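A.B. asks: Provide a 3D model corresponding to the input given below.
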Amino acid sequence: MTARFSRRSFTTGVLATSAGLGWPTRAEERQTLVVAVQADPVTLDPALMASFFEISVQFNLHEPLVNMKADFTLEPGLAAFERRDPLTYAFTLKQDLVFHDGSAIDAEAAKFNFDRMLDPATASPRRAELAPIDIVQVTGPLTFTIHLKTPYEPLLQVLALRAGMLVSPSAVTALGSEFGFRAVGAGPYKVVSWTKNSELRLERFDRYWRGPAPIERIMFRPIADEVARLTNLKAGTVQLVDSVPPQAVPSLSADSSLRLKRRPGLGFNAFSFNTTRPPFDDVRVRRAFVEAVDPRAIIQAAYFGQAALARGPVPPAISWAYDETLAVVPADPKEAKGQLEKTGISIPIPVAITIANSPIQIRVAEIIQAQAMGAGFSVSIRQVDAASLISILRKKDFDLCLSPWSGRSDPDGNMFGWFTKKGPQDFSGYQSDEVTEILIRARATTSQMERAGLYRQAQKRIAADAPMLFVAFPDIVQASARALEWEQFADGGFHLQFARWN
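C.D. replies: Numbering: from 1, shown residues only. Okay, the predicted model is just below:
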C-alpha cells in the first residue's frame with residue numbers, strides 16, 4: 001500500500017458513508033477498528049507533542065521505556081530499570097527490539113532520543129520534563145545510565161509518557177521536517193497514511209515486543225461534532241469514541257449494544273488568563289473574574305455531574321497530593337463588581353473567551369459569560385477549531401483561553417510546566433519566583449509526605465495569584481461497541497495493543 005500524507009481539510013457529516021470515506025467493509029470488520037476522536041493530532045512526533053488531542057493516538061504508535069499500568073503502577077516497557085541512588089538510574093533494553101523501519105533499538109538510539117529532546121534547537125516540550133538530566137551515558141550495546149544534576153522524583157513516571165517514547169534515529173535524519181507526519185516509533189502500530197483532518201491509518205507492527213496486536217488495523221477519524229460521533233458509534237461505522245458528552249451517559253448506559261466506561265480523570269479543564277496584557281495583567285481583575293464564576297453551576301449544567309470540582313491543578317485521583325482544604329472562592333458577582341470598581345478601571349471591562357468549538361465548551365463559556373457579565377465584565381466568546389488552540393495559547397493571542405490538560409500521575413506533571421517561569425505550558429505568562437522555587441524543590445524531594453506539603457503550599461499561592469480559572473476535573477467517559485474489549489486509562493489515552501474483539 002502506498003503511503004499518503006496530505007494536509008487537505010475535511011468536514012465529517014453526521015453519518016459517514018463507507019463508499020465515500022473508506023470505512024471497513026463487512027469482511028474487514030474483525031480486522032479493523034475505527035476510532036472517532038475529537039480532533040486530529042497536531043504531530044505524530046512524541047518529542048514535539050504538546051496538544052491534548054494526541055493522547056488518543058500516542059501509545060499506539062510509540063512505546064515508552066517504562067510502562068505505566070491503568071492503576072499507575074510502573075513496570076518495564078522497552079527497558080528494565082534500576083534506581084541505584086537518587087542521582088543514578090540504570091536501564092537495560094530488551095533484546096532484539098526494532099523500530100518500525102527495522103532499525104535496532106539499542107543504547108545509542110536511546111541516547112540519540114534524549115539528546116534530541118534536550119537540544120534547545122529541537123524546541124521540545126520534553127526539555128522541561130527532562131531538565132534535571134545531566135548526561136545520558138551508554139554503558140553497553142543495550143545498557144545506558146541516566147545521571148541527574150539533582151534528585152528528580154517523577155523521572156520514571158515521565159519516562160512512561162512522551163519523554164520515554166523512542167523514535168528511529170535514521171528516520172528522523174531521513175525525513176527531516178516531515179517526521180512529524182510520518183513518525184517511525186516502536187509501538188504496536190505503524191503509520192500507513194495520514195490525511196490531515198480526515199483519517200490516520202495504522203496497521204499492526206508484527207515485530208512489536210509484546211507480539212502482534214490482536215486487531216490488525218486501526219483508523220482514527222476526527223469527528224468534532226459530539227452528536228456525529230455518537231451517531232456513527234450507534235450505526236457501527238465507528239466502534240470506539242474517545243469523548244462521550246456527559247449528557248449522553250444515561251442513554252448510552254442503557255444501550256445493550258454499546259459498552260460505556262467511566263473513571264475519574266487526572267486532567268483539568270481550566271482557562272488561562274493572559275497575565276502579560278490588560279486587563280488580566282492586574283491580579284485584582286483576575287481575582288474578580290474568578291469570584292464571579294461558580295464552577296458548581298458549570299459542573300451541573302455543562303458536565304451533568306460527570307466531573308469533580310477543580311480547586312487547583314491537582315485532582316482527587318492523585319490522593320496523596322490533593323488538597324481538599326483548598327478553598328473555592330464563593331461566587332459573588334456583586335462583590336466582584338465592587339472590587340473592580342475599586343481598581344479605578346472603567347467598567348464594563350471587555351473580555352474575549354477563546355474556546356474550542358465543541359458543544360460542551362460552548363456551554364461552559366456561555367455560563368461563564370453570563371456570570372462574569374453580572375460582575376462588570378463585557379464578555380464575548382471566540383470559537384476556534386480544536387487543533388488551533390495550542391497555537392493560540394503559545395502565541396498568547398487571547399484574553400482568557402481554554403487550557404485543557406490530560407493530566408499526569410505525579411503532581412509535578414500537572415504543575416511544573418504550567419506555573420514555573422518559562423514552563424512549556426505557562427500560557428498565562430505567570431511569573432512567580434516563589435512558586436517556581438517551591439516546585440523545583442518538590443520535584444527534587446524524595447519524601448512523598450514532604451512533597452505533598454510543598455504542592456499544597458504552591459497550590460495556595462497559585463490560588464491567590466489566580467493565573468488560571470479552574471473549572472473541573474472531568475471524568476474520563478468513553479464508549480465502544482459491546483463486542484470490543486479494551487482497557488481505560490485515567491488520562492484518556494487508548495492502548496489498543498490490549499484491545500480485542502470478543
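A.B. asks: residue ranges for the strands of the stretch 51-200 of the chain, please.
C.D. replies: Counting by DSSP state E, counting those that start in this stretch, one finds strands in the stretch 51-200 of the chain at the ranges 66-68, 74-76, 79-85, 88-93, 133-140, 143-148, 189-195, 199-204.
A.B. asks: just so I know, which of those lies nearest residue 161?
C.D. replies: Of all the strands of the stretch 51-200 of the chain, it is strand 66-68 that lies closest to residue 161, at 7.7 Å by C-beta to C-beta. For the C-beta atoms, the positions are set from N, CA and C on the backbone; glycine is no exception.
A.B. asks: what about the longest helix in the protein?
C.D. replies: helix 448-465 (DSSP state H).
A.B. asks: does anything pack onto that helix? Which helices or strands?
C.D. replies: Using 3 or more C-beta pairs under 8 Å, 6 or more residues apart in numbering; DSSP states H and E, the elements in contact with helix 448-465 are helix 411-419, helix 433-444.
A.B. asks: now the helix or strand following it against helix 448-465, angle please.
C.D. replies: Next along the chain after helix 448-465, taking DSSP states H and E as the criterion, comes strand 468-474. Counting by axes from the mean of the first three to the mean of the last three C-alpha atoms, to 10 degrees, strand 468-474 lies at 130 degrees to helix 448-465.
A.B. asks: next SSE downstream of strand 468-474?
C.D. replies: As assigned by DSSP H and E, the chain's next helix or strand after strand 468-474 is strand 476-481.
A.B. asks: any chance of JSON lines for the helices and strands packed on helix 448-465, columns mean neighbour count, distance to residue 38 and mean pLDDT?
C.D. replies: JSON lines is the format used below for those (neighbours: other C-beta atoms under 10 Å; distance: least, C-beta to C-beta, whole Å; pLDDT from 0 to 100):
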{"stretch": "helix 411-419", "mean neighbour count": "25", "distance to residue 38": "21", "mean pLDDT": "95"}
{"stretch": "helix 433-444", "mean neighbour count": "18", "distance to residue 38": "30", "mean pLDDT": "96"}
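A.B. asks: got the ones you listed as JSON lines, with distance to residue 197 columns?
C.D. replies: Shown next, in JSON lines, are these (distance: least, C-beta to C-beta, whole Å):
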{"stretch": "helix 411-419", "distance to residue 197": "27"}
{"stretch": "helix 433-444", "distance to residue 197": "36"}
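A.B. asks: who wins for proximity to residue 39 among these?
C.D. replies: Between those, helix 411-419 lies closest to residue 39; by C-beta to C-beta that is 21.0 Å.
A.B. asks: quick one: distance of the closest one to the chain centre.
C.D. replies: Its chain's C-alpha centre and that of helix 411-419 lie 13 Å apart, by C-alpha atoms, centre = their mean, to the nearest Å.
A.B. asks: how about residues contacting that helix?
C.D. replies: The contact list for helix 411-419, computed with C-beta atoms under 8 Å, 6 or more residues apart in numbering, reads 125, 128-129, 153-154, 157-158, 161, 266-268, 313-315, 318, 321, 405, 407-408, 423-427, 430, 432, 435-436, 439, 442-443, 451, 455, 458-459, 462, 467-468.
A.B. asks: rebuild the strands of the stretch 51-200 of the chain as JSON lines, extending it with mean pLDDT, mean neighbour count and distance to residue 359.
C.D. replies: As requested, the strands of the stretch 51-200 of the chain are exported to JSON lines (pLDDT from 0 to 100; neighbours: other C-beta atoms under 10 Å; distance: least, C-beta to C-beta, whole Å):
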{"stretch": "strand 66-68", "mean pLDDT": "96", "mean neighbour count": "22", "distance to residue 359": "32"}
{"stretch": "strand 74-76", "mean pLDDT": "96", "mean neighbour count": "13", "distance to residue 359": "37"}
{"stretch": "strand 79-85", "mean pLDDT": "97", "mean neighbour count": "14", "distance to residue 359": "43"}
{"stretch": "strand 88-93", "mean pLDDT": "98", "mean neighbour count": "19", "distance to residue 359": "45"}
{"stretch": "strand 133-140", "mean pLDDT": "98", "mean neighbour count": "14", "distance to residue 359": "42"}
{"stretch": "strand 143-148", "mean pLDDT": "98", "mean neighbour count": "19", "distance to residue 359": "44"}
{"stretch": "strand 189-195", "mean pLDDT": "97", "mean neighbour count": "21", "distance to residue 359": "25"}
{"stretch": "strand 199-204", "mean pLDDT": "98", "mean neighbour count": "22", "distance to residue 359": "23"}
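A.B. asks: among those, which is nearest residue 48?
C.D. replies: Short answer: strand 189-195, nearest of these by C-beta to C-beta, at 15.0 Å.
A.B. asks: helices or strands next to that closest one in the packing?
C.D. replies: Using 3+ C-beta pairs under 8 Å, 6+ apart, strand 189-195 sits against strand 5-6, helix 55-61, strand 199-204.
A.B. asks: switch the cut-off to 6 Å
C.D. replies: Packed against strand 189-195 by the contact rule (3 or more C-beta pairs under 6 Å, 6 or more residues apart in numbering; DSSP states H and E) you find strand 199-204.
A.B. asks: list the strands paired with the strand it packs on, with their directions.
C.D. replies: strand 189-195 (antiparallel), strand 217-222 (antiparallel) (DSSP bridges).
A.B. asks: mind putting those in TSV, distance to residue 86 included?
C.D. replies: Below are the strands paired with strand 199-204 laid out as TSV (distance: least, C-beta to C-beta, whole Å):
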stretch	distance to residue 86
strand 189-195	37
strand 217-222	40
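A.B. asks: how is this structure carved up into domains?
C.D. replies: Split into domains by automatic domain parsing, the chain comes to 5-62+187-262+476-501, 66-169, 269-474.
A.B. asks: out of the ones you listed, the one nearest residue 176 is which?
C.D. replies: domain 5-62+187-262+476-501 (11.5 Å).
A.B. asks: hang on, the earlier thing: least reliable of the domains of the chain by average pLDDT, please.
C.D. replies: Lowest mean pLDDT of those: domain 5-62+187-262+476-501, a mean of 86.
A.B. asks: what about that domain, distance to the chain center?
C.D. replies: 16 Å.
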